[in-house]
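Undergrad: Pasting the sequence and the predicted model now:
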Amino acid sequence: MKKKLLFIGAIILCFITNSQAQTLTVDALGSQQAGTTATMNFQYTSTTNCALYAELRIANISGTGVITQDYSSGSNFIVGKFSVLLPAQSTATASTLAFSIPGSVAPSSSLASGKTYSWVYKLTQGVSNYTDVGSTFKFTGATITAAAGVADNLTLVNPPTTTTQGSTVSITVNYTCPSARLIKFGISIYSSTGTFVSDLVAVGVDVSATSSTAVSLPQNLVIPSNATPSSLLPNGQYYKVDTALFTPAYGSYLLGSSSNITITTVPLSTTSFNENKVKLYPNPVSDFLNITTSLSLNSYEVYDVLGKVVLKASDTKSNQIDVSKLNKGIYLIKFDDKIVEKFIKK
């Protein structure tokens, strides 16, 4: 009986320990002005490395002052930020998060009836990882006052949602800034957890101080012809139109605005098939790719989606190519350095 009680006691102790493994306390933030930086003071405990994620959102508020969040509308999101990586701590540990409030945020006094601003906080499994650590999600009311003078602001205007390899996309932002800045225009790769991986293409544009009236700035970006299509990116990665505002020479990141974009391969042209009089079969192919043509072809090169030559030969008299050792995917084959066709290895 005594052993059974000890066992039950151990279970209860384990439950208490686990239920208190992560804690989060955020000091109340007073009224904040749009276009300024709010410093959040918080204390946390965690059995694993983590990060604080905070958002400024528009929330619902009842006549009795009860705040509720509405995630059904993306327009409720204002801005969010992660802290640095926080090490595991068994006792309450203090830290801070400096949070830039966009200058374009309307003051609380102008919100519609039944709406208010709200700070939302939680501990996550790491920087740019939105997965919760424990039950630390909480929110409080927020009061925002109007910006004084010109504030930093950057907004994407009708960003493209799809494009093709080798195409040119136009990206436009509206911006304001109190002094010289650099605006980054890019198409970037992000991981499945929303973490920045790398830029596919990016351009930095220097801009001067503005008035409080937003300036429209367009920029063209050329998608590399060998860019990996979105459907072939590894491990759930994806592309984003990625714009950001920095101090000159990429000195300090200030704020950004982004949107998902899909990159596809250049569609096959039926006209080009007829004109070139080259047919490939079977397509998709497993082992041997057959060539039917009335032309006299002397050489070929096979390219993967990254533009790398994976097969080549200077003799096509057999009218058959062994592709059995190629990985599954989409390939381009160029005959005599001028006729290009596409095939799929299955």
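TA: Received the coordinates, thanks.
Undergrad: Residue 169 belongs to a helix?
TA: No. Counting by DSSP: H, G, I helix; E, B strand; the rest coil, residue 169 is not part of a helix but strand.
Undergrad: what's it in contact with, if anything?
TA: 160, 163, 187, 220-221, 223, 241, 261 (C-beta atoms under 8 Å, 6 or more residues apart in numbering). Quick note: C-beta positions are derived from backbone N, CA and C, even for glycine.
Undergrad: CSV please, covering those and showing distance to residue 231 and pLDDT.
TA: Conversion of the contacts of residue 169 to CSV gives the following (distance: C-beta to C-beta, whole Å; pLDDT from 0 to 100):
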residue, distance to residue 231, pLDDT
160, 17, 94
163, 14, 92
187, 16, 96
220, 25, 94
221, 21, 93
223, 15, 92
241, 18, 96
261, 13, 96
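Undergrad: And the buried ones among those residues, selectable in ChimeraX?
TA: Listed next is the ChimeraX selection for buried residues among these, using 16 or more other C-beta atoms under 10 Å:
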select :160,163,187,221,223,241,261
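Undergrad: from the contacts of residue 169, which two are the most distant?
TA: 220 and 261 (14.4 Å; C-beta to C-beta).
Undergrad: what about the closest residue in space to residue 299 that isn't next to it in sequence, neighbour count?
TA: Distance criterion C-beta to C-beta, 6 or more residues apart in numbering; nearest residue to residue 299, sequence neighbours excluded, is residue 314 at 4.6 Å. As a burial measure, residue 314 scores 8 neighbours (other C-beta atoms under 10 Å).
Undergrad: where's residue 78 relative to residue 344, distance?
TA: Computed as C-beta to C-beta, to the nearest Å, the residue 78 to residue 344 distance reads 44 Å.
Undergrad: Give the residue spans of the protein that score low on pLDDT.
TA: Flagging of the chain using pLDDT under 70 yields the residue ranges 1-20, 266-276, 306-307, 315-317.
Undergrad: Kindly recompute the last result at 80.
TA: Residues of the chain meeting the criterion pLDDT under 80: 1-20, 73-74, 103-104, 265-277, 294, 296, 304-308, 314-318, 336-339.
Undergrad: quick one, domains of it?
TA: 18-145, 153-264, 270-345 (automatic domain parsing).
Undergrad: all strands for the stretch 1-150 of the chain, in order.
TA: Read by DSSP state E, counting those that start in this stretch, the stretch 1-150 of the chain holds these strands, from start to end of the chain: 23-26, 32-33, 37-46, 51-61, 67-68, 77-82, 89-100, 115-126, 129-132, 138-142, 144-145.
Undergrad: With the stretch 151-300 of the chain instead?
TA: Counting by DSSP E, counting those that start in this stretch, the strands of the stretch 151-300 of the chain are 153-157, 162-164, 168-176, 181-190, 196-207, 215-222, 238-246, 253-264, 278-281, 288-293, 300-303.
Undergrad: out of those strands, nearest to residue 329?
TA: The nearest among these, by C-beta to C-beta, is strand 300-303 at 11.0 Å.
Undergrad: which other helices and strands contact the closest one?
TA: In terms of contacts (3 or more C-beta pairs under 8 Å, 6 or more residues apart in numbering; DSSP states H and E), strand 300-303 is packed against strand 309-313, strand 329-335.
Undergrad: Note down every partner strand of it and its orientation.
TA: Partners of strand 300-303 in the sheet, by DSSP bridges, are strand 309-313 (antiparallel), strand 329-335 (antiparallel).
Undergrad: right, and these - which one's nearest residue 147?
TA: Closest to residue 147 of the strands paired with strand 300-303 is strand 329-335 (C-beta to C-beta; 49.1 Å).
Undergrad: Residues touching that closest one, excluding its own?
TA: Around strand 329-335, the neighbours that count as contacts under C-beta under 8 Å, 6+ apart are 229, 232, 265, 278, 280, 289, 295, 297, 299-305, 310, 316, 321, 323, 340-345.
Undergrad: Then stretch 54-67?
TA: Taking C-beta under 8 Å, 6+ apart as the rule, stretch 54-67 contacts 40, 68-70, 75-81, 83, 97, 99, 101, 105, 111, 114-121, 139-142, 144.
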